[in-house]
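Chemist: got a predicted model here, sequence first, then my questions.
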Amino acid sequence: MRIVAAGSDRGQRLDVFLRRHLPQFSRSRIQTWIKQGRVLVDQRPAKVSAALRGGETIEVEPAPLPALHAVAEAIPLTILYEDEWLVAIDKPAGMVVHAGAGVHSGTVVNALLHRFGHLSAVGGEMRPGIVHRLDRFTSGVLLAAKTDAAHQALARLFATRKIRKIYRTLVHGRMPSESGRIEKPITRDPVNRTRMTARLASGRTAWSEWTVLEKFPSASYLEVLIGTGRTHQIRVHLSSIGHPVFGDRLYGAPASTLDRYFLHAHQIQFQHPFTDQLLTVTSPLSPELSAFLEALRMIDHT
C-alpha cells in the first residue's frame, strides 16, 4: 500500500503517521514492520522515529499475521476418566474452556495441552480437543477428545443427542411441582447482547427437564436433564419461569454471598463410540457449592 505525506504532516513521526492512516493495525505492529524494512520512505528504509518533511511517498508491505495456536501451561487438572481416545475432566468454576473474548491463557485447553501434549485437531489450533463447552462459572464434567476420530465420534453423539447431560442447580423460590419440563426456544437477547432469552417466539429449539431434590423455604435444589445444549440454556429456562439460579445476576437473581452462580455439570452418560460400553462420568458437587447448600440446610432446621 502507498501513502503520500501532506505538507501538514511535516515534523510528524513515521510510526505515528502510519498509525493514523492505518488504524486497523496497532502501533507496535507498524513499528515492527518499519524495523523489518517493510516500510520505505521515498524507496528507502527509515527509522521508527524518523520525522517527515511532507510530500514523501511511503510504501508499506504488511507482514502476514502469525498463526494463532494454543500453548501448554502448567495448570492442575482433575481427571475423572481417561482412555486412549478421550478424557473427562472436572472443570472448576471460573476457568474458561478455550481462548476468546479477551482471555488468552489459563484455559482448559492450555492445561490439557500441558497434561497430554497432543489432542484432536478437528476444532482448530485454538480449540484442540474441545468437543463441547461449559460456561465460565459452571463447574463439573467436561469431555475432550485425544484423537480426531474420537472428536468426530463424540461430535456425532452430541449432534444426535445421544449424550445424557445432568446438572445440579439451586434456584430461587419453591418449584410448583416435584418435576417438570421447559420447552422454549432460545435466542440472543436483542436488547442486551450478553444475554440469551427464552421470551421470544423465535430461536433454536431447546428443552430442559427438572426434578426437585430438596426444598427450602425460599429455594429449590434441582437436578436438570437437558436434551439440547444451547448457550446458557439452564440459566435462561429457569429464569423464564421465575426461578433464576442462585448467584446468576445476569438472569435476574438477587445479590448473594455466593461468588458464582450455582450450576454444576453433575454427570455425562453415553455409549462409548469405540468400546461400545455405557460410560457414566460423575463429578461431585464442588466444595463452595456444597458449603452453600449445607448452610441453607442449617438455616432451614433452626
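Modeler: Cool, the structure landed. What you see is a predicted model, and the numbers here were worked out from it, not measured in a lab.
Chemist: how close does Met247 sit to Met298?
Modeler: Check again: residue 247 is Gly, not Met. For Gly247, the distance to Met298 equals 19 Å [C-beta to C-beta, to the nearest Å]. Every residue, glycine included, has its C-beta placed from N, CA and C.
Chemist: higher neighbour count, those two?
Modeler: Gly247 (21 against 9; other C-beta atoms under 10 Å).
Chemist: what about the more buried one, which SS state?
Modeler: Under DSSP: H, G, I helix; E, B strand; the rest coil, the three-state class of Gly247 is coil.
Chemist: separation between Arg174 and Gln36?
Modeler: Taken as C-beta to C-beta, the span from Arg174 to Gln36 is 66 Å.
Chemist: and for Thr275?
Modeler: Taking C-beta to C-beta, one finds Thr275 at 53 Å from Gln36.
Chemist: repeat that for Ile186.
Modeler: From Ile186 to Gln36 the distance is 48 Å (C-beta to C-beta).
Chemist: what's the answer for Gly252, then?
Modeler: From Gly252 to Gln36 the distance is 53 Å (C-beta to C-beta).
Chemist: between the two, who's got more neighbours?
Modeler: Gly252 (15 against 11).
Chemist: name the nearest residue to the more buried one, sequence neighbours excluded.
Modeler: Pro244 (4.5 Å; C-beta to C-beta, 6 or more residues apart in numbering).
Chemist: spit out the contact partners of the one you found.
Modeler: Counting by C-beta atoms under 8 Å, 6 or more residues apart in numbering, Pro244 makes contact with Val171, His172, Arg235, Leu238, Tyr251, Gly252, Ala253.
Chemist: surely the fourth one is in a helix?
Modeler: So that's Leu238. Yes. Assignment of Leu238 by three-state DSSP places it within a helix.
Chemist: please enumerate the strands of the stretch 201-302 of the chain.
Modeler: Counting by DSSP state E, counting those that start in this stretch, the segments of the stretch 201-302 of the chain that form strands are 207-216, 219-226, 263-271, 278-282.
Chemist: the second one pairs with which strands, parallel or anti?
Modeler: Right, strand 219-226. Using DSSP bridges, the strands paired with strand 219-226 are strand 164-172 (antiparallel), strand 207-216 (antiparallel).
Chemist: then the last one?
Modeler: Paired with strand 278-282 in the same sheet, following DSSP bridges, are strand 263-271 (antiparallel).
Chemist: looking only at pLDDT, what's the mean for the partner strand?
Modeler: Average pLDDT, strand 263-271: 98.
Chemist: please renumber so the chain begins at 409
Modeler: Yes, from this point I'll number from 409; that puts the last item at strand 671-679.
Chemist: give the buried residues for that strand.
Modeler: Leu671, His672, Ala673, His674, Gln675, Ile676, Phe678 (16 or more other C-beta atoms under 10 Å).
Chemist: cool, and stretch 435-442?
Modeler: Ile438, Gln439, Thr440, Trp441, Ile442.
Chemist: what sits up against that stretch?
Modeler: 422-424, 426-427, 430, 447, 454-456, 468-471.
Chemist: now do the helices in the stretch 459-608 of the chain.
Modeler: Using DSSP state H, counting those that start in this stretch, the helices of the stretch 459-608 of the chain run over 516-524, 556-567.
Chemist: same list, those, but as JSON lines with mean neighbour count, mean pLDDT and distance to Thr690 please.
Modeler: Output for the helices of the stretch 459-608 of the chain, formatted as JSON lines (neighbours: other C-beta atoms under 10 Å; pLDDT from 0 to 100; distance: least, C-beta to C-beta, whole Å):
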{"stretch": "helix 516-524", "mean neighbour count": "21", "mean pLDDT": "93", "distance to Thr690": "19"}
{"stretch": "helix 556-567", "mean neighbour count": "17", "mean pLDDT": "95", "distance to Thr690": "18"}
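Chemist: with distance to Met534 added, can I get the ones you listed in TSV?
Modeler: Output for the helices of the stretch 459-608 of the chain, formatted as TSV (distance: least, C-beta to C-beta, whole Å):
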stretch	distance to Met534
helix 516-524	8
helix 556-567	15
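Chemist: tell me which of those lies nearest to Thr602.
Modeler: Closest approach to Thr602 among the helices of the stretch 459-608 of the chain is made by helix 516-524 (21.4 Å; C-beta to C-beta).
Chemist: just the CA coordinates of the closest one, formatted as CSV?
Modeler: Included here for helix 516-524 are C-alpha records, laid out as CSV according to Å, rounded to 0.1, in the frame of the first residue of the first chain:
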residue,chain,number,x,y,z
VAL,A,516,-8.8,-25.7,30.0
VAL,A,517,-7.1,-26.1,26.6
ASN,A,518,-3.8,-24.7,28.0
ALA,A,519,-4.0,-27.2,30.9
LEU,A,520,-4.9,-30.1,28.6
LEU,A,521,-2.0,-29.5,26.3
HIS,A,522,0.4,-29.5,29.2
ARG,A,523,-1.0,-32.7,30.6
PHE,A,524,-1.4,-34.7,27.3
